[in-house]
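Q: Compute the structure for the input listed below.
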Amino acid sequence: MTRYLISFDDGAMTFPEEELPEVAEASLKVVREAQDAAVWVFGGGLERQQASVVAIDGTVTNGPYPETKAVLGGFAVIDVPSREDALEWAAKLAAACRCAQEVREILPDPTV
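A: Below you'll find the predicted structure:
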């Protein structure tokens, strides 16, 4: 099996605030479905614009960074047999979250 990162940009979820409970319920339903299918590894939303960058010399710079066009808003890691399966789960998450999802394959752990 292969792990995939499914993610969306902060600000991509552009629905009226009063619809948040419905979106949250739909999203949780997909998460539970993925857990029941034993493909869910981990996921979550990220605190808006609370990034720090640690340089190779150890210097820490705190965000936000206005020059950044896209900031990660949330993600899921799934473990599935194929990219096609990952795309199917991304489609379910996109419908539930009402925003496009990006899918990337996670390289195998070199220590395993």
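Q: rest of the way, CA atoms for contacts and neighbours
A: Will do.
Q: What are the contacting residues of the host helix or strand of residue 35?
A: Taking DSSP states H and E as the definition, one finds residue 35 inside helix 20-36. Outside helix 20-36, the residues within contact range by C-alpha atoms under 8 Å, 6 or more residues apart in numbering are 40, 89, 92, 93, 96, 97, 98.
Q: what pLDDT does the fifth one get?
A: The score at residue 96 is 95. That number is its pLDDT.
Q: Determine the three-state secondary structure at it.
A: Secondary structure state of residue 96, per DSSP: H, G, I helix; E, B strand; the rest coil, is helix.
Q: The fourth one now?
A: Per three-state DSSP, the secondary structure class of residue 93 is helix.
Q: In the sheet, which strands lie alongside the helix or strand of the chain with the lowest mean pLDDT, parallel or antiparallel?
A: Taking mean pLDDT, DSSP states H and E as the measure, the helix or strand of the chain with the lowest value is strand 52-54, at a mean of 84. Each strand pairing with strand 52-54, determined using DSSP bridges, is listed with its direction: strand 60-62 (antiparallel).
Q: buried residues in the next helix or strand after the strand it pairs with?
A: Stepping forward along the backbone from strand 60-62, the first helix or strand reached (DSSP H and E) is strand 72-80. Judged by neighbour count (16 or more other C-alpha atoms under 10 Å), strand 72-80 contains these buried residues: 72, 73, 74, 75, 76, 77, 78, 79, 80.
Q: same question, stretch 79-99
A: Of the residues in stretch 79-99, 79-80, 86-87, 89-94, 96-99 count as buried by neighbour count, 16+ other C-alpha under 10 Å.
Q: Give me the residues contacting that stretch.
A: Defining contact as C-alpha under 8 Å, 6+ apart, one finds that stretch 79-99 is touched by 1-4, 6, 8, 12-15, 23-24, 26-27, 30, 34, 39-41, 78, 100-103, 105.
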